[in-house]
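Asks: need coordinates for the below:
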Amino acid sequence: MGTESVIAHHSPAEALEAIRSLSDRDKTVLIKVAKAYARTRKTRYDYQDLFHEAIARILEGKRGWPQSLGILPFLCGVMRGIAWDWRTQSYEEAPEASSTSEEGSAIARLDAQKLVALFADDIIAQQIVVGIMEGARGEELCEQSGLTKTAYESKRRKIRRRIEKLWLEQQGTRRD
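Replies: As a prediction, the model looks like this:
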């Protein structure tokens, strides 16, 4: 026997009930997150498509909702994944890319996915990381995140520390 664990999931019916019982505040948060992902991922779809696609995938059972995770962070994670897929699809549909370019692009996308996943527990930090990867800086990132300048600087320190820790861990692994 391996060390694999079985993750318990809610049923699609339970997910439907949880989605129906979302408060107005929760819905506002989800719409803001959907807008941020639609904008920062630069997909050809808008935030409403992203939000509705996430709900559809959950209710169809394509995305299982782990019992250990709240509905709000789960929905945000599903939207993030869909937005990433849609962005990746638009890159793959780009005409006449050379094989070297395709290989470099694939590696960059994998690295970007790992970096974004590093902040799966902090949606705001994740949005800032995505913004940085897309070339946004300073005030623009602070405005997009909706944080005060002090809170934004705190998030930036958190991001920098996590990335440094990951980098150091990878350096240690490469020496082995």
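
Asks: now do the domain split for the protein, please.
Replies: Domain ranges of the chain: 7-94, 99-176, per automatic domain parsing.

Asks: just give the nearest non-adjacent residue to the residue positioned nearest the centre of the chain, would you?
Replies: For the chain, Arg80 is the residue whose C-alpha lies nearest the centre (Cα atoms, centre = their mean; 3.6 Å). Of all residues not flanking Arg80 in the chain, Tyr37 sits nearest, at 5.9 Å (Cβ to Cβ, 6 or more residues apart in numbering). The way it works is simple: take the backbone N, C-alpha and C, and place the C-beta from them, glycine included.

Asks: equivalent analysis for Leu30, please.
Replies: Distance criterion Cβ to Cβ, 6+ apart; nearest residue to Leu30, sequence neighbours excluded, is Leu75 at 5.8 Å.

Asks: quick check: that neighbour touching Ile58?
Replies: Yes. The pair Leu75 and Ile58 qualifies as a contact (Cβ atoms under 8 Å) at a distance of 7.5 Å.

Asks: out of these two, which sits in the busier spot?
Replies: Set side by side, Leu75 and Ile58 give different neighbour counts by other Cβ atoms under 10 Å, the larger being at Leu75 (26 against 22).

Asks: residues contacting the more buried one?
Replies: Contacts here follow Cβ atoms under 8 Å, 6 or more residues apart in numbering; on that basis Leu75 touches Ile19, Leu30, Ala54, Ile55, Ile58.

Asks: so which of those residues are in strands?
Replies: Counting by DSSP state E, these place none of their members in strands.

Asks: tell me the one of these nearest Ala136?
Replies: Leu30 (22.3 Å; Cβ to Cβ).

Asks: do I have it right that the closest one meets Cys76?
Replies: Yes. Proximity of Leu30 to Cys76 meets the contact threshold set by Cβ under 8 Å, at 7.1 Å.

Asks: least trustworthy helix or strand in this structure by mean pLDDT?
Replies: Confidence across the helices and strands of the chain bottoms out at helix 99-117, with a mean of 54, counting by mean pLDDT, DSSP states H and E.
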